[in-house]
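Participant: Predicted model follows, preceded by the sequence.
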Amino acid sequence: MKNNVLIVHPYFRSLGGAEYLCLTLTETLIDSGYSVLLYTTHPPDLTRVKSFYNINLKYKLIKILKTNEFNIPAPMLLKKMINYNRIIKSILYHDSFKEYIVIDTQLNIPWAPHITYIHYPYLIEAILKGIYNNESLYKQIYYR
């Protein structure tokens, strides 16, 4: 069994439910003996996390792999998409991450080789069934 876990969560600019899920998962895995690597463009402010969620990762063995944000004068959504694309490519195409269980806690598109947390599955269903009317693609994503 792999004991290395790579959690992908690009942005910690705000603290909400997705961030809580990511940080709770990180804390639980570390407490269970896993080596956790958090992959992000904006690392969490651990002091703020402690006061907001009462999750104390400050003195735990957490490694943060920060990637540079692709910063261009463009709408925020476009920047997020470009940054996420860079993160996904770096994970899927580099051998250094082959020894990791990869968990995505943010994107809502099942790309991660192991686990993707889907916050809003109805959006994917609406896109695949409604806009594209592609039943076979829908089945490939949900039933692989």
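Facilitator: Sure, I can see it.

Participant: Which phi and psi values does C22 adopt?
Facilitator: Here is the backbone geometry of C22 (degrees, to the nearest 10): phi -60, psi -50.

Participant: mind checking how far it is from P110?
Facilitator: Distance of C22 to P110, given as Cβ to Cβ, to the nearest Å: 17 Å. From N, CA and C alone the C-beta is placed, and that goes for glycine too.

Participant: So between the two, which is more surrounded?
Facilitator: Neighbours were counted for C22 and for P110 using other Cβ atoms under 10 Å; C22 has more, 22 against 16.

Participant: Please verify my assumption that the more buried one contacts Y11.
Facilitator: No. Using Cβ atoms under 8 Å, C22 is not in contact with Y11, being 10.3 Å away.

Participant: what sits in contact with each of the two?
Facilitator: Q106 (Cβ atoms under 8 Å, 6 or more residues apart in numbering).

Participant: can you pull out the strands in the protein?
Facilitator: Remark: strands assigned in the chain by DSSP state E are 4-8, 35-40, 62-66, 100-104, 115-116.

Participant: Can you tell me the strand partners of the second one and which way each runs?
Facilitator: So the one you mean is strand 35-40. Strand 35-40 has the following sheet partners, assigned by DSSP bridges: strand 4-8 (parallel), strand 62-66 (parallel).
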